[in-house]
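**Student:** Below are the sequence and a predicted model; questions follow.
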Amino acid sequence: MKSQPRKPAANPRESASHRQAILLCALALPFLIGLYALIVGYWARPMTSGQQLRIDEFLSLVQKDQVGSATILSADNRIVGTYAGGRRYWLDFSGGHESLFARLTGALEQSGVPTRVQGQPLKGLVGPATTLLPVLILGDLIMILFLAGRSGGALGSFGRAAARQVGEGSPTLTFADLAGADEAVEELREIRDFLAEPARFAAMGASVPRGVLLSGPPGCGKTRLAKAVAGESNVPFFSISGSDFVEMYVGVGAARIRDLFAQASAAAPAIVFIDEIDAVGRARSSSAAGGSDEREATLNQLLVEMDGFAADSGVVVMAATNRPDILDSALLRPGRFDRRITIDTPDLAGRGAILAIHAACKPLGDDVDLPAIARQTAGFSGADLASVVNEAALLATRRRSATIGAWDLSEAVERVVAGPSRRSRVLTAADKARIACHEAGHAFVAAALPGTGQVAKVSIVARGHAGGSTLSVNEQDRVLATRSELAHRVAVLLGGRAAERLVFGEVSTGSNDDLVRAADLARRMVWECGMSERLGPLAVSSAGPNDGSAPPWSEQTVAEIDAEARAILAAAEATAVHALTVNRAGLDAMAAALVTVETLEGPSLEAFLADVAPTATALALVA
Ligand code: ADP
């Protein structure tokens, strides 16, 4: 994609003087409004006190010589003075004719009342002031809006200023504030080093990834991890949420992206963190709902900005999502979010460490056993564990206890399990035992059959939709797979189900995903690779002709393919059952261990798999 010329970042000195001008205008505003209120409410009104007299009353008092003095207020059209021994009076002749004024002054003159005229020069300003002040107030308001717009402040940048620079003044996070995500931390150390010393990397000509995509379930510490990178490398952290971009107004999202990147480049080296990137980065073709134009414009702007900054600009974009599968593939291309890091819900050790982090600055009682709490909280995310500790502290406070006791913590676990904020899954003891058995089944079948790679990690901690995971790695990169190796992979996929049947007598829904993958693999062995003895060297494309014509194979062939695939699946299952029956003691031992420690890898895993009895190949069972 072609990069656009970048908008220069706002000059800091210029924006400082804008801010000063805004401040002055903002201070002038209450002054002007106050002055206007004073003039209209007080100054413009005639300042006359005492008794109001009617004209006839006044004239008769004048005739009776009871009026002591008279002062004509020329601007107010009033006569004020004293009568009947010093009492004050006032008389309004506004709206009257000249003749009335002549009559009043004539009567005063005839009776010899001392009369004077008081000119009111300042009153003459009331009229112009009441016209001018509203204009000034309006002008001041417009000026504030204009200046705020120029300086990128809150008002003028309506739709632009959603990005927040966080961290200033608040304690910075480090990698030590994060537990249970060691692999992710390890991967991010390089980014940290780059941000801390960009010049060193530039001198080497080394380019670092511009975008890092953190994926994982909610509350597992993605935001915290990004903040920790900023804290470790001591750079500003700009954060915005994908949902902030999606506005009703066209162009606002794209403007926000531009503004965010301009701010970050001005402060480089810096981290831009986009939470919930799926809100804006959802695959473009799959959106049918209205308003997607705006989202596309925003996404395009994001792509343009990510392409636009030079590799040495020192801005690293980190984004978080719990739906990496729905992201637009353009986001994942090289030069954009090409580093992908998965964070999963923590395992037993991770949970213990997270609890310890959150309990570190709280007074814990002597009876508290954090590892025991970690064992009770299988399936909890980091955020859940943080709220367990906080809830326990609240309970202890309510009890007026000086320390948080074991009771508070276990009560808090109950509350968090029941509470509305609990989004992730909690495992019951029965589920845990079944998942442990299932995963141990995969591991033992894999270990018993050749060509399935080495089992590197077995875990009952949920990964994505799966209950647990068993990870096999091949020592060498293999390009080809033989027929027996593929059949063994089918057997490994069915190993979990076979173990459940063997140990619990029946299977569960936990194997659905395995079944789909095993059936797919078996079918492809037959129709893509010609690996069936009975059908011979036949390959039929799984897609079929796309011009609508009838496929070039008969229904009978399809039925035979099905039968062959089923034969492979049955043989594979029999092989898996056999492998597990032979190794039943080891299977039970590993399952039991998994229930307590949740994840086995390295030497502890090897110890379980050391004495696995190898099993006859699955293909021997296929006709
Ligand atoms: P996400 O961005 O993945 O939804 P957050 O980073 O916002 O999750 O995590 C929410 C809170 O949960 C954090 O502020 C922290 O208190 C706690 N938390 C989550 N994961 C961890 C972890 N691995 N270590 C320590 N605390 C964690």
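**Tutor:** Looks like it came in fine.
**Student:** switch to C-alpha atoms for all contacts and neighbour counts from now on
**Tutor:** Fine.
**Student:** What count of nearby residues applies to the closest residue to Pro198 other than its chain neighbours?
**Tutor:** Excluding the flanking residues, the one nearest Pro198 by CA to CA, 6 or more residues apart in numbering is Gly314, at 6.5 Å. Using other CA atoms under 10 Å, Gly314 has 25 other residues around it.
**Student:** Next up, phi/psi of Gly314, please.
**Tutor:** Backbone torsions for Gly314, taken as degrees, to the nearest 10, come to phi 80, psi 10.
**Student:** Quick check: it vs the ligand, distance?
**Tutor:** 23 Å (CA to the nearest ligand atom, to the nearest Å).
**Student:** what residues are up against that residue?
**Tutor:** 195, 198, 265, 268-270 (CA atoms under 8 Å, 6 or more residues apart in numbering).
**Student:** Could you chop this protein up by domain?
**Tutor:** What automatic domain parsing lists as the domains of the chain is 12-43+126-159, 51-120, 167-342, 348-418, 429-609.
**Student:** Distance to Thr615 for the ones you listed - can I get that in JSON lines?
**Tutor:** Listed next are the domains of the chain as JSON lines, based on distance: least, CA to CA, whole Å:
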{"stretch": "domain 12-43+126-159", "distance to Thr615": "65"}
{"stretch": "domain 51-120", "distance to Thr615": "115"}
{"stretch": "domain 167-342", "distance to Thr615": "34"}
{"stretch": "domain 348-418", "distance to Thr615": "33"}
{"stretch": "domain 429-609", "distance to Thr615": "6"}
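**Student:** could those go into JSON lines alongside mean pLDDT?
**Tutor:** Conversion of these to JSON lines gives the following (pLDDT from 0 to 100):
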{"stretch": "domain 12-43+126-159", "mean pLDDT": "78"}
{"stretch": "domain 51-120", "mean pLDDT": "84"}
{"stretch": "domain 167-342", "mean pLDDT": "80"}
{"stretch": "domain 348-418", "mean pLDDT": "87"}
{"stretch": "domain 429-609", "mean pLDDT": "83"}
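**Student:** how about the residues of the stretch 101-250 of the chain near the ligand?
**Tutor:** 177-181, 218-224 (CA under 6 Å from any ligand atom).
**Student:** how does it look with 8 Å?
**Tutor:** 177-181, 216-225 (CA under 8 Å from any ligand atom).
**Student:** What subset of those residues is buried?
**Tutor:** Applying 16 or more other CA atoms under 10 Å to those, the neighbour count classes 178-181, 216-225 as buried.
**Student:** Closest to Thr115 out of those residues?
**Tutor:** Of all these, Thr115 sits closest to Thr223, with 84.1 Å by CA to CA.
**Student:** Can you tell me what sits against the helix or strand that contains the closest one?
**Tutor:** Element membership for Thr223 (DSSP states H and E) is helix 222-233. For helix 222-233, contacts defined as CA under 8 Å, 6+ apart pick out 172-175, 177-178, 185, 188-189, 191-193, 195-196, 214-216, 236-237, 270-271, 273, 275, 318, 320, 343.
**Student:** Take those residues and keep only those in strands.
**Tutor:** 214-215, 237, 270-271, 273, 275, 318, 320 (DSSP state E).
**Student:** what's the farthest-apart pair in those residues?
**Tutor:** So, the ones in strands among the contacts of helix 222-233 by CA to CA: farthest apart are Ser215 and Ala270, at 20.9 Å.
**Student:** Neighbour count for these two, which is higher?
**Tutor:** Shown here are Ser215 and Ala270; by other CA under 10 Å, Ala270 has more neighbours (24 against 21).
**Student:** How about the residues of the stretch 251-400 of the chain by the ligand?
**Tutor:** So the stretch 251-400 of the chain meets the ligand at 275, 320, 346, 350, 353-355, 357-358, 381-387 (CA under 8 Å from any ligand atom).
**Student:** ok, Gln51 - how many residues close by?
**Tutor:** 14.
**Student:** right, I mislabeled it, should have said Ala440
**Tutor:** 33.
**Student:** Let me see the contact set for the nearest residue to Asp366 once chain neighbours are set aside.
**Tutor:** Among residues not flanking Asp366 along the chain, Gly405 sits closest, at 7.6 Å (CA to CA, 6+ apart). The contact partners of Gly405, by CA under 8 Å, 6+ apart, come to 364-368, 396.
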